[in-house]
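Undergrad: Generate a structure from the sequence data that follows.
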Amino acid sequence: MDPEREDLNALLGELDPHGPPQWRWVHRAAPGARRIGVLSASFNPPTRAHVALVEAARGAFALEEGVFLLTLLHVEKPLVGFGMPERLRMLLAIARARPACSVALCNRPRFFEMAQALREAVGEGPELFFLMGGDTLVRLFDPRYYPDMAMEAALEALFATARLVVAPRPPWDLPALEAFRNDPARAPYRERIAFLALPSDLAGISSTEVRRRLARGEPVDDQVPPEILPDLAGIR
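TA: Got it, this is the predicted structure:
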């Protein structure tokens, strides 16, 4: 095992997936940033769409730091495909090639838990933004992801700590997302949710499609950032 993989495994092992929310910086590009945007995803593997969302949000919302956040658990996806150390290594390659991009770990999968862990890590000063696709926004308001508590309590904890920046993603286009946000049930949170359009050529890019192409031995150069192509080369 190479030294970096050993280090990443050790870092992953420090977090208890069943413990209280914990945050670990793996690569911090902008300590002291006052406006921080966080993209949490499964990154199985990271794609050009992930990177575009972080970079577009940084420009549109004057974010001083964009964070690729890998969580030990996911609310609905089991761990398949790339292992956690591989995903983390790819995120590091992406972040190190881009100013003001960081990588972090969190042991808990729900956004109010991530927000709690991040707030404890950076203190009360910075403004926090969670970046996500439209499908993730809709899941955020689904009661089945809160079997142990009232959904409203979790949402209030999240929106008291952070704002959301949401990019349309099929089948959720911008008009559909605006209608979803403007529903009276979401009225208490409406002002904390903003939208960000991405170039249309990113709509068909997904980690699932990348894995399918790799399984068929097809190129993925147009789907993933160039920094991770060496990690994927042996899979073709």
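
Undergrad: from here on, contacts and neighbour counts on C-alpha atoms
TA: Will do.

Undergrad: all strands of the protein, in order?
TA: Along the chain, counting by DSSP state E, strands occupy 23-27, 35-40, 65-71, 101-106, 127-133, 163-167, 193-195.

Undergrad: need the contact list for the most centrally placed residue in the chain.
TA: Geometric centre of the chain, nearest residue: residue 40, 1.7 Å, by C-alpha atoms, centre = their mean. Contact partners of residue 40, counting by C-alpha atoms under 8 Å, 6 or more residues apart in numbering, are 68, 69, 70, 71, 130, 131, 132.

Undergrad: which residues touch the third one?
TA: Okay, so that is residue 70. For residue 70, the contacting residues are 40, 41, 42, 43, 88, 103, 104, 105, 106, by C-alpha under 8 Å, 6+ apart.

Undergrad: what do you get for the fourth one?
TA: In this structure, residue 71 makes contact with 40, 41, 42, 105, 106, 107, 108, 109, judged by C-alpha under 8 Å, 6+ apart.

Undergrad: burial measure for residue 119, as a count.
TA: Residue 119 is flanked by 18 other residues according to other C-alpha atoms under 10 Å.

Undergrad: That one contacts residue 160, correct?
TA: No - using C-alpha atoms under 8 Å, residue 119 is not in contact with residue 160; the gap is 10.9 Å.

Undergrad: Point out where this structure drops to low pLDDT.
TA: 1-3, 5, 75-79, 234-236 (pLDDT under 70).

Undergrad: What are the boundaries of the helices in it?
TA: Ranges of helices in the chain, per DSSP state H, are 3-13, 48-60, 84-96, 111-122, 134-140, 151-161, 174-182, 207-216, 229-233.

Undergrad: Please convert those to a markdown table, extending it with distance to residue 25.
TA: Output for those, formatted as a markdown table (distance: least, C-alpha to C-alpha, whole Å):
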| stretch | distance to residue 25 |
| --- | --- |
| helix 3-13 | 10 |
| helix 48-60 | 17 |
| helix 84-96 | 11 |
| helix 111-122 | 9 |
| helix 134-140 | 23 |
| helix 151-161 | 19 |
| helix 174-182 | 32 |
| helix 207-216 | 24 |
| helix 229-233 | 22 |
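
Undergrad: Lovely, talk soon.
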